[in-house]
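1. this one's structure only:
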């Protein structure tokens, strides 16, 4: 990086943190600190919802996901718009009517305290670990730029986020997310423009897209049905719907965003805007990754995109073997480049048979490149048992550092850091809110002053920041971050969603029935994760339906499971 890049990166981060801390340094009560006094307009709610979901993982790992696996990941979001409609009709008015701080307060009103505690506990475990992944993503950048160990860069990144989240509270999170989203979208748009300008002059945009398509990187829609296939239209519409319903309806990191809305209408508009904008936004981010892939068909990519691991193996006893693989990679790339050129000429001839043959030759040449790359990953793992043989999380970062002009490198990296800060800060704020309201205030200290709870909230923000940083040390072993964070969520979201659906719609079920149903459902989900090959998106469906069915059965067959409380939504 050049001096101008460091200035842009540092200036952006210092402004966001300073603005968040200074603007929101005075908080005297929990309404102000945890929910921004419930005075945010719909557009601020919408931006906060989008920025919380769009972490650094989105902008660092998603382009790499498209590079390695194509655009089929976009199907993951197909169920989201419908989920936003359902939540706008059901959850939003109930939560606003009860004036709750967290979604889990509602469960005690509807069921009992142990059911509330169980849902809050599942959320705290899941979100506490997931926050570690969002902190880890920008730490990867610092590790590459500075050559520091990932442990140090994770601690630095975590400290930066904790600082302005603990000091500024929910209002700092919401207000700084506007600046963060501006930096994020500007950075991604300019990166896309640069990719187009770097393509060969004799190759049109349509032809470069066709090359990416011929090698399976534009596979946005898959109509086949397969339980083990992570991304097809069915897992996206059904599993994605249940995941989105749980994430936006029961995860305090999102519920806390729209509880800051000044009215039911403002919160609804924020959710619905997110439902409209999220799918095209994710499509464009994946398309950026597909175009990076197209670019590297004309310019030789690194054999392995993680420079830290490459430097390790080159300084060790396996240096000779890695150098030999680099030579094989150069030869395989040259043959693929020739196959790309033949494919483009075949397309220009408008001869379908010739194009089909050229496409098959191109695919065969690409397979040889992938074989060499896989051998390199195995060698990386052999050199360091703790290393990840996959480099997906580093692809877009390496492209940015190698090919973007001075100044723009700093802006794109600032976008990734801004995304991390916006998402991590919202998650830490949600963890602190749930810990204070559902644990500390409910079970430990009920009669304290408002100022006391604000201090405790800040301390708990720091505590959860430490937990997240500790888990981030393990994140390098989890592979593609964009998949890891959604797999982690799917282990818990279905069960939590099932509890809430019973609360909303199954009026005869009481607290004991739903509590034990949730325990069994969570066991089922964990069994599916460890013992089956079922795609993670279906975990959400299985967990949710298991809670609803088991809780209903328990309430029907046993008088031990009475209905304890009336439903506030009646």
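-> Looks like it arrived, so ask away. Just so it is clear, the model here is predicted, and its values are computed rather than measured.
2. Was I right to think residue 107 contacts residue 119?
-> Yes - Residue 107 is in contact with residue 119 according to CB atoms under 8 Å; the separation is 5.6 Å. For the C-beta atoms, the positions are set from N, CA and C on the backbone; glycine is no exception.
3. Would you mind listing the residues touching both of those two?
-> 499-500 (CB atoms under 8 Å, 6 or more residues apart in numbering).
4. Point out where this protein drops to low pLDDT.
-> Applying pLDDT under 70 to the chain flags residues 1, 16-17, 19-39, 51-57, 164-181, 183-184, 415, 418-422, 475-482, 559-570.
5. Buried ones in stretch 312-324, by neighbour count?
-> Buried residues in stretch 312-324, defined by neighbour count with 16 or more other CB atoms under 10 Å: 312-313, 318, 322.
6. Just the closest of these to residue 493, please.
-> residue 312 (36.9 Å; CB to CB).
7. From residue 124, how far off is residue 118?
-> To residue 124, residue 118 is 11 Å away according to CB to CB, to the nearest Å.
8. now residue 46
-> 26 Å.
9. coming back round to it: switch the buried residues of stretch 312-324 over to a markdown table; also include secondary structure.
-> Supplementary listing: the buried residues of stretch 312-324 in a markdown table, determined by DSSP: H, G, I helix; E, B strand; the rest coil:
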| residue | secondary structure |
| --- | --- |
| 312 | helix |
| 313 | helix |
| 318 | coil |
| 322 | helix |
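10. To what extent is residue 385 buried, counted in neighbours?
-> 6 (other CB atoms under 10 Å).
11. And for residue 454?
-> With other CB under 10 Å as criterion, residue 454 counts 19.
12. Could you check which of residue 46 and residue 124 has the larger neighbour count?
-> residue 46 (26 against 21).
13. For that one, list the residues it contacts.
-> 269-271, 273-274, 277.
14. Give me the buried entries from those residues.
-> 269-271, 273-274.
15. And the nearest residue to residue 203 once chain neighbours are set aside, which helix or strand is it part of?
-> Closest residue to residue 203 apart from its sequence neighbours, by CB to CB, 6 or more residues apart in numbering: residue 344 at 6.5 Å. Using DSSP states H and E, residue 344 falls within helix 319-349.
16. name the helices or strands packed onto that helix?
-> helix 205-214, helix 307-314, helix 352-383 (3 or more CB pairs under 8 Å, 6 or more residues apart in numbering; DSSP states H and E).
17. one step back: out of the buried residues of stretch 312-324, which is nearest to residue 153?
-> Nearest to residue 153 among those: residue 312, at 16.2 Å, using CB to CB.
18. was I right about the closest one contacting residue 383?
-> Yes - between residue 312 and residue 383 a contact is recorded at 6.1 Å, counting by CB under 8 Å.
19. Please narrow the contacts of residue 46 to those residing in helices.
-> Mapping those onto helices (DSSP state H) picks out 269-271, 273-274, 277.
20. Reformat those residues as CSV; add distance to residue 359.
-> Formatted as CSV, the ones in helices among the contacts of residue 46 follow (distance: CB to CB, whole Å):
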residue, distance to residue 359
269, 46
270, 45
271, 43
273, 41
274, 39
277, 35
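21. Tell me the one of these nearest residue 216?
-> Distances from residue 216 to the ones in helices among the contacts of residue 46, taken by CB to CB, are shortest for residue 277, at 27.4 Å.
22. what's near enough to touch the closest one?
-> Counting by CB under 8 Å, 6+ apart, residue 277 has contacts 46, 50.
23. Now residue 79, what are its backbone angles?
-> Here is the backbone geometry of residue 79 (degrees, to the nearest 10): phi -80, psi -10.
24. ditto for residue 261
-> The phi/psi pair for residue 261 (degrees, to the nearest 10) is phi -60, psi 150.
25. How about residues contacting stretch 230-247?
-> Under CB under 8 Å, 6+ apart, the answer for stretch 230-247 is 53, 72-73, 75-80, 82-84, 86-87, 221-226, 229, 254, 483, 486, 489-490, 493-494, 496-497, 500, 535-541, 544.
26. Just the buried subset of those residues, please.
-> With burial judged by 16+ other CB under 10 Å, the buried subset of those is 53, 72-73, 75-80, 83-84, 86-87, 222, 254, 483, 486, 489-490, 493-494, 496-497, 500, 535-541, 544.
27. mind putting the buried ones among the contacts of residue 46 in CSV, distance to residue 398 included?
-> Shown next, in CSV, are the buried ones among the contacts of residue 46 (distance: CB to CB, whole Å):
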residue, distance to residue 398
269, 39
270, 36
271, 36
273, 34
274, 31
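28. which among the residues you listed gets closest to residue 150?
-> Nearest to residue 150 out of the buried ones among the contacts of residue 46 is residue 274 (CB to CB; 31.9 Å).
29. Which residue, other than its chain neighbours, is closest to that closest one?
-> Using CB to CB, 6+ apart and skipping the chain neighbours, the partner closest in space to residue 274 is residue 49 (4.7 Å).
30. State the distance from the one you found to residue 423.
-> Residue 49 is 11 Å from residue 423, by CB to CB.
31. Then residue 445?
-> In terms of CB to CB, residue 445 sits 30 Å off from residue 423.
32. Residue 291 too?
-> From residue 291 over to residue 423 (counting by CB to CB), the distance is 25 Å.
33. In terms of neighbours, single out the busier of those two.
-> Neighbours per residue (other CB under 10 Å) separate residue 291 from residue 423, with residue 423 holding more: 30 against 24.
34. Could you identify the helix or strand that succeeds the helix or strand encompassing the more buried one?
-> In the assignment (DSSP H and E), residue 423 maps to helix 408-434. Counting by DSSP H and E, the element after helix 408-434 in chain order, helix or strand, is helix 450-472.
35. gap between that next one and the chain center?
-> With CA atoms, centre = their mean, to the nearest Å as the basis, helix 450-472 stands 22 Å off its chain's centre.
36. And it, what does it pack against?
-> Taking 3+ CB pairs under 8 Å, 6+ apart as the contact cut, helix 450-472 packs with helix 30-35, helix 113-146, helix 150-198, helix 408-434.
37. Could you verify my assumption that residue 438 touches residue 116?
-> Yes - at 6.4 Å, residue 438 counts as touching residue 116 under the criterion of CB under 8 Å.
38. list the residues that contact both of the two?
-> 104-105.
39. Not including adjacent chain positions, what is the nearest residue to residue 122?
-> residue 492 (4.9 Å).
40. Check the spacing between the one you found and residue 121 real quick.
-> Distance from residue 492 to residue 121, by CB to CB: 10 Å.
41. How many residues are close by residue 373?
-> Count around residue 373 with other CB under 10 Å applied: 22.
42. What sits closest to it if chain neighbours are left out?
-> residue 303 (6.6 Å).
43. looking at this, that neighbour is in a strand?
-> No - secondary structure of residue 303 (three-state DSSP): coil, not part of a strand.
44. list the contacts for it?
-> Applying CB under 8 Å, 6+ apart, the residues near residue 303 are 310, 322, 325-326, 329, 372-373, 376.
45. Can you read off the backbone torsions of it?
-> For residue 303, the backbone dihedrals (degrees, to the nearest 10) come out as phi -60, psi -40.
46. Check residue 251 too.
-> Per-residue torsions, residue 251: phi -80, psi 120 (degrees, to the nearest 10).
47. Can you give me the distance of it to residue 460?
-> For residue 251, the distance to residue 460 (CB to CB) stands at 17 Å.
48. ok, these two, which is more surrounded?
-> For residue 251 versus residue 460, neighbours defined as other CB under 10 Å are more numerous around residue 251 (26 against 20).
49. Look up how far residue 442 lies from that one.
-> 19 Å.
50. and what of residue 519?
-> 20 Å.
51. Please say which of these two ends up with more neighbours.
-> Neighbours were counted for residue 519 and for residue 442 using other CB under 10 Å; residue 442 has more, 17 against 13.
52. hang on, the earlier thing: burial count for the residue nearest to residue 203?
-> Neighbours of residue 344 (other CB under 10 Å): 22.
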